[in-house]
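> coords please:
(one chain, ligands or ions: 1)
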Amino acid sequence: MVAYIVLVLGLVLNGAVLSNGGKTSTFVRKVEKTIDMPLDSDVFRVPPGYNAPQQVHITQGDHIGKAVIVSWVTVDEPAGSSKVLYWSENSKQKKLAEGKLVTYRFFNYTSGYIHHCTITDLKFNTKYYYVVGIGHTERKFWFITPPEVGPDVSYTFGLIGDIGQTFDSNKTLTHYELNPQKGQTVLFVGDLSYADKYPNHDNVRWDTCGRFVERSVAYQPWIWTAGNHEIDFAPEIGETEPFKPYTKRYPVPYEASRSTAPFWYSIKRASAYIIVLASYSAYGKYTPQYIWLRDELPKVNRSETPWLIVLMHAPWYNSYNDHYMEGESMRVMFEPWFVKYKVDVVFSGHVHAYERSERVSNIAYSIVNGKCIPVRDQSAPVYITIGDGGNIEGLATNMSEPQPPYSAYRESSFGHAIFDIKNRTHAYYSWHRNEDRYAVEADSMWFFNRQ
Ligand SMILES: [Fe+2]
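Alright, predicted model coming up:
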């Protein structure tokens, strides 16, 4: 009898603790087969003209937003140059920047001519036109540089992860483009082409993906994070250089933040300081990434950039069964720093669904004290999983039950998010599922800066 009472009491107490969990959305997306768009889809169309540039994409090219790296591929011949012609909207003076050319082989695939050109000394907050393909078929695009870095500069980031190239991916990108909140730069949290799902990692799917996303990334920078589908490690076919296609195609300005590898780096943009971390590079004590991050965090001047955002691929706080606890070892290494330096928000992908955490930390644990349950912590970041871009692997629908207290909202749907910085104290965050109209927010929260 006593044992029975203790058992009942235990269940009641247990239930009381667990009922702190947040909201699991009741929205259930119709489960459909997720397939890649076929090779002859209009979104993969090769631009017409001899040696026409394709897969045009841009990213930030320095630490503060006055440079842009322009990349594109030509397939007929290398000649025609890696030059970019560019001019600001209000200027007739055109400038020419010289880039460089790379190619690579991957098993039986040979890449086109991949051009990278960094254009520097741009003015802040200015619209620039640029032309690539000089000498053969020219194509013209434009971008707008960010405002000068400062604490009250408003700026709007889009969040996309694990996009792939399915019909769902196309919906996600369309929803992002038509969202009336108008993201100015995409923070991409990794897993881009999923070419590695094809026999011999058919790199033709890197090319099709590049053509698919061009309609966004040729006009606004995407900030790149490496995911596991960027590794392309395939010793069975003799491909043993990790990240080969990714690094040949998607350069990042890692040297500008004194990083020694393109997988972890930082940039400033408007009022945000963005740190990109590498889930698939070493992060243990004494490793280059560890040392870089240890030295990087104290450099962030929050009176200049009040918003500290971290991007990484594998989430630390994830209550789906997919990839459960895969981020745990990195969390153990870095979480005390995130709390100490009051990181505002951490965006991850990897899990193909959506989840937002409470502000929690789990840093009290030592091997003897047994304190291994996340606790509410106002110095901790909010962790957001946004791996819901819509790739060939489909949705993650399997959740751990009951919803753990650290999880504030979770839903198995495809979508994207917007992080809209208003000023040094306020930012508005919203998540948009693909099934809704463009302006609908399925989840949202105000961020109040704690600095
Ligand atoms: Fe992933």
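
> ok, now which ones touch the residue in the stretch 301-450 of the chain that the ion sits nearest to?
Taking C-beta to the ion, the ion has its nearest neighbour within the stretch 301-450 of the chain at residue 350, 3.9 Å off. All C-beta atoms are positioned from the backbone trio N, CA, C, and that covers glycine. Applying C-beta atoms under 8 Å, 6 or more residues apart in numbering, we find residue 350 in contact with 161-162, 189-191, 227-228, 279, 313-315, 318, 323, 326-327, 385, 387.

> Same check on residue 378?
Applying C-beta under 8 Å, 6+ apart, one finds that residue 378 lies in contact with 359, 450.

> and residue 376, what are its bridge partners?
On the basis of DSSP bridges, residue 376 is bridged to residue 360.

> That one reaches residue 359, doesn't it?
Yes - using C-beta atoms under 8 Å, residue 376 makes contact with residue 359 at a distance of 6.5 Å.

> Between these two, point out the one with more neighbours.
A count of neighbours by other C-beta atoms under 10 Å puts residue 359 above the other of residue 376 and residue 359, at 19 against 12.

> Could you list which residues are in contact with that one?
By C-beta under 8 Å, 6+ apart, the residues touching residue 359 are 376, 377, 378, 379, 380, 381, 382.

> Likewise for residue 293?
Neighbouring residues of residue 293 by C-beta under 8 Å, 6+ apart: 264, 275, 277, 283, 334, 337.

> can I get these in TSV with secondary structure and pLDDT?
TSV is the format used below for the contacts of residue 293 (DSSP: H, G, I helix; E, B strand; the rest coil; pLDDT from 0 to 100):
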residue	secondary structure	pLDDT
264	coil	98
275	strand	99
277	coil	98
283	coil	98
334	helix	98
337	helix	98
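
> Can you give me the distance of the residue lying closest to residue 75 once chain neighbours are set aside to the ion?
Closest residue in space to residue 75, ignoring its immediate chain neighbours: residue 112 at 4.1 Å, by C-beta to C-beta, 6 or more residues apart in numbering. Distance, residue 112 to the ion, by C-beta to the ion, to the nearest Å: 26 Å.

> Around the ion, pick out the residues from the chain.
191, 227, 228, 350 (C-beta under 5 Å from the ion).

> what stretches of the stretch 201-350 of the chain score poorly on pLDDT?
By pLDDT under 70, the stretch 201-350 of the chain has no low-scoring segment.

> Please, where are all the strands along it?
Secondary structure of the stretch 201-350 of the chain (DSSP state E, counting those that start in this stretch): strands at 222-223, 265-269, 272-276, 307-311, 345-348.

> so who does residue 400 touch?
319, 320, 321, 324.

> Test my guess that residue 260 contacts residue 292.
Yes - between residue 260 and residue 292 there is a contact under C-beta under 8 Å: 7.1 Å.

> quick one: contacts for the residue in the stretch 51-200 of the chain that the ion sits nearest to?
Here the residue of the stretch 51-200 of the chain nearest the ion is residue 191; by C-beta to the ion that distance is 4.4 Å. The contact partners of residue 191, taken as C-beta under 8 Å, 6+ apart, are 161-164, 227-230, 313, 349-350, 387, 389, 391.

> Export stretch 403-411 to PDB, keeping only CA atoms.
In PDB, the C-alpha atoms belonging to stretch 403-411 read as follows (Å, rounded to 0.1, in the frame of the first residue of the first chain):
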ATOM      1  CA  GLN A 403       7.300  17.400 -25.100                       C
ATOM      2  CA  PRO A 404      10.300  18.300 -22.900                       C
ATOM      3  CA  PRO A 405      10.100  21.600 -20.900                       C
ATOM      4  CA  TYR A 406      12.900  23.100 -22.900                       C
ATOM      5  CA  SER A 407      10.800  22.900 -26.100                       C
ATOM      6  CA  ALA A 408       8.500  26.000 -26.500                       C
ATOM      7  CA  TYR A 409       6.900  25.200 -29.900                       C
ATOM      8  CA  ARG A 410       7.400  22.400 -32.400                       C
ATOM      9  CA  GLU A 411       5.700  21.400 -35.600                       C
END
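
> which outside residues touch it?
Defining contact as C-beta under 8 Å, 6+ apart, one finds that stretch 403-411 is touched by 17-18, 20-25, 27, 317, 319-320, 353-358, 360, 374, 399, 433, 442-443.

> ok, which stretches of the stretch 1-150 of the chain are strands?
For the stretch 1-150 of the chain, the strands defined by DSSP E, counting those that start in this stretch occupy 23-24, 54-60, 68-74, 83-88, 95-98, 100-102, 105-106, 109-110, 113-119, 127-132, 139-144.

> With residue 176 as the reference, name the closest of these.
Smallest distance to residue 176 across the strands of the stretch 1-150 of the chain (C-beta to C-beta): 15.2 Å, for strand 54-60.

> The closest one packs against which elements?
Packing partners of strand 54-60 (3 or more C-beta pairs under 8 Å, 6 or more residues apart in numbering; DSSP states H and E): strand 68-74, strand 139-144, helix 204-217, strand 222-223.

> pretty sure residue 263 is in contact with residue 281, am I right?
Yes - the pair residue 263 / residue 281 is scored as a contact, 4.6 Å apart, by C-beta under 8 Å.

> what touches both of the two?
Shared contacts of residue 263 and residue 281, defined by C-beta under 8 Å, 6+ apart, comprise 226, 289.

> Looking at those two, which is more packed in?
Per other C-beta under 10 Å, whichever of residue 263 and residue 281 has more neighbours is residue 263, with 26 against 16.

> can you tell me how far the nearest residue to the more buried one once chain neighbours are set aside sits from the ion?
In this structure, residue 263 finds its nearest non-sequential neighbour in residue 278, 3.5 Å apart by C-beta to C-beta, 6+ apart. Residue 278 sits 13 Å away from the ion, going by C-beta to the ion.
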